[in-house]
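Trainee: predicted model and sequence follow; I will ask about them next.
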Amino acid sequence: MRRQAHIKAYRKLEKEGDKWSVILYSGLALAMYRHHGMKKTAVTRLVDVTWDAWKECAEDHDSSIIKMCEEITGIEVQNGSGTSWRDVPYLSGEKLGDMTEEQWLYMRQQQIKWVRPGIMACIMIGLYRKYGYGYERCMRVYQQIQAIEDEYKGNQKKICKAALEEVGVDIDDMIHRRRRDDELQKTSNDEG
């Protein structure tokens with residue numbers, strides 16, 4: 001029963017991550033194309049840089065991508081309710097110690113609220129690292145992505161289709177390919 005609860009919590013979090021990855025990376029592709037003149041290859045490279053930031057943070061269990069974003073760019077990404085990452089123990093790097101099953105499940109359920117901000121943090125880090133965007137330019141792109149998300153009313157299929165038609169980037173396919181490649185690399189690292 002407990003194992004099923006863990007699997008269910010993990011799958012729900014993963015599903016939320018997939019949804020927001022498609023929406024936000026499609027929004028990024030459209031924003032960079034429409035407002036910054038970026039073409040398909042440059043958008044693809046930018047997505048790769050943001051993905052690498054996510055992986056880098058995943059290797060450091062004492063940090064969060066949202067904390068990392070603020071440390072690197074000066075941008076504090078919040079979760080929409082005005083809550084700061086500093087107020088959330090598993091985002092602030094606070095040592096949690098051993099958690100009970102119930103605490104672990106609760107943490108996983110609460111992480112869902114931070115999936116979208118985490119992906120936006122990756123995007124801000126990517127813009128900073130790849131193109132040297134400072135605070136103001138990152139915030140402008142952040143707002144452009146939000147406007148595009150609103151334009152498509154957060155509809156995952158419509159925004160993904162728009163990115164494919166306008167920019168030539170199939171974000172859904174790109175994300176699934178990248179995840180599959182990462183899993184293959186992890187498997188080969190574990191075997192070797």
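Mentor: Everything's here; your move.

Trainee: so where do the helices sit in this protein?
Mentor: 2-36, 40-59, 65-73, 89-92, 101-111, 115-131, 135-151, 156-167, 171-191 (DSSP state H).

Trainee: how about low-confidence regions in the protein?
Mentor: Across the chain, residues meeting the criterion (pLDDT under 70) sit at 1-2, 61-62, 93-96, 191-192.

Trainee: and the residue nearest the centre of the protein?
Mentor: Residue closest to the mean C-alpha point of the chain, counted by CA atoms, centre = their mean, is residue 119 at 1.8 Å.

Trainee: ok, that residue - contacts?
Mentor: 17, 20-21, 24-25, 54 (CB atoms under 8 Å, 6 or more residues apart in numbering). C-beta coordinates here come from the backbone N, C-alpha and C atoms, glycine included.

Trainee: how much space is there between it and residue 47?
Mentor: 11 Å (CB to CB, to the nearest Å).

Trainee: give the residues shared as contacts by those two.
Mentor: Common neighbours of residue 119 and residue 47, using CB under 8 Å, 6+ apart, are residue 25.

Trainee: returning to that earlier point: quick one: which of the helices of the chain is nearest residue 79?
Mentor: With CB to CB as the criterion, residue 79 lies closest to helix 115-131 of the helices of the chain, at 5.1 Å.

Trainee: and residue 17, how far from residue 40?
Mentor: The value you get for residue 17 to residue 40, if CB to CB is used, is 24 Å.

Trainee: of these two, which one has the most company?
Mentor: Neighbour count, other CB atoms under 10 Å: between residue 17 and residue 40, residue 17 has more, with 19 against 14.

Trainee: excluding covalently adjacent residues, which one is nearest to residue 110?
Mentor: Distance criterion CB to CB, 6 or more residues apart in numbering; nearest residue to residue 110, sequence neighbours excluded, is residue 88 at 7.4 Å.
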